[in-house]
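Colleague: Pasting a predicted model and its sequence here:
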Amino acid sequence: IIGSSGSLSDTVLKIWQSALPVDLSSFTYNTVKNDVILKWITAGELNNSGFDIERSAVNNSWIKAGYVAGNGTTNEPKTYEFRDRDLKSGVYNFRLKQIDFNGQYKYYNLSNSVEIGIPDKFALSQNYPNPFNPKTIIDFQLPENGNVKLSVYDINGKIVSVLINQFMPAGYYSAAFNSSGISSGVYFYRLESGGLSKVMKMTVIK
């Protein structure tokens, strides 16, 4: 190029290839009963605000299951984990929505579908937390469809509360119990379904 002064000059246009906001090196899962534990590792991150975890049943729309904060900008490997709890029996898909600080995003799909199966046995778990005040959770599993009754009794055998009394399909379940209105002490909860029953003990401390 000849300039106005008669001198020669060159113009060079250099295009830099922009780095991906996140270099995802792995995205895996495992199941524990009806929980799905997702794990992923990034080899590097650029302006990474965080990840929305999205779930869908097969052929259904995606919903947000949770969020995990990112590490901004880093060249070091980072490991993440998210536990999606208390899913009903069925088949699910998962994906990560990686979000930059400027609001731009990119999806990373889990390569396989995740199946939550039907329990192979009737079971009632120890409530948690225990002892408790005022709320606790009771987990149970049903191998077959049927009428289900979950009741709480005091130490004299008097019914304090009926938490569930209805028909339910086979699967994994959780029920909440609130001890407001009852005194401290030992109580019992009983699960009945399909001619089977089991009783467990819990303690209220106020």
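Modeller: Noted; the coordinates are in hand. Numbers count the residues shown, from 1 in each chain.

Colleague: For the nearest residue to residue 147 once chain neighbours are set aside, give me the pLDDT.
Modeller: Distances taken as Cβ to Cβ, 6 or more residues apart in numbering place residue 167 nearest to residue 147, at 5.4 Å, with adjacent residues excluded. For every residue, glycine as well, the C-beta is placed using N, CA and C. As predicted, residue 167 sits at a pLDDT of 98.

Colleague: Same question for residue 29.
Modeller: 97.

Colleague: what do you get for the one 3 residues further on?
Modeller: What the model reports as pLDDT for residue 32 is 91.

Colleague: Tell me what it is bridged to.
Modeller: residue 35 (DSSP bridges).

Colleague: ok, now residue 151?
Modeller: Applying DSSP bridges to residue 151, the residues it is bridged with are residue 162, residue 190.

Colleague: Please name the residues that touch residue 34.
Modeller: 85, 86, 87, 88, 89, 116, 171, 172 (Cβ atoms under 8 Å, 6 or more residues apart in numbering).

Colleague: and the gap between it and residue 146?
Modeller: 18 Å (Cβ to Cβ, to the nearest Å).

Colleague: and the end-to-end length of stretch 111-120?
Modeller: 27 Å (Cα to Cα, to the nearest Å).

Colleague: same thing with stretch 151-164?
Modeller: Termini of stretch 151-164 sit 7 Å apart (Cα to Cα).

Colleague: Identify each buried residue in it, please.
Modeller: Neighbour counts over stretch 151-164 (16 or more other Cβ atoms under 10 Å) mark 151, 152, 160, 163, 164 as buried.

Colleague: Looking at the residues you listed, which is nearest residue 58?
Modeller: residue 164 (28.1 Å; Cβ to Cβ).

Colleague: Check which residues of stretch 166-175 are buried.
Modeller: With burial defined by 16+ other Cβ under 10 Å, the residues of stretch 166-175 counted as buried are 168, 170, 171, 172, 173, 175.

Colleague: close enough to count as contact, the first one and residue 146?
Modeller: So the one you mean is residue 168. Yes - assessed by Cβ atoms under 8 Å, residue 168 is found in contact with residue 146 at 7.1 Å.

Colleague: which secondary structure elements does the helix or strand the residue nearest to residue 147 falls within contact?
Modeller: Taking DSSP states H and E as the definition, residue 167 sits inside strand 159-168. The contact analysis (3 or more Cβ pairs under 8 Å, 6 or more residues apart in numbering; DSSP states H and E) places strand 159-168 against strand 146-153, strand 171-178, strand 185-193.

Colleague: quick one, the last one and strand 159-168 angle?
Modeller: Relative orientation of strand 185-193 versus strand 159-168 (axes from the mean of the first three to the mean of the last three Cα atoms, to 10 degrees): 20 degrees.

Colleague: ok, so what distance separates residue 66 from residue 42?
Modeller: 17 Å.

Colleague: actually residue 184, not the one I typed
Modeller: 48 Å.
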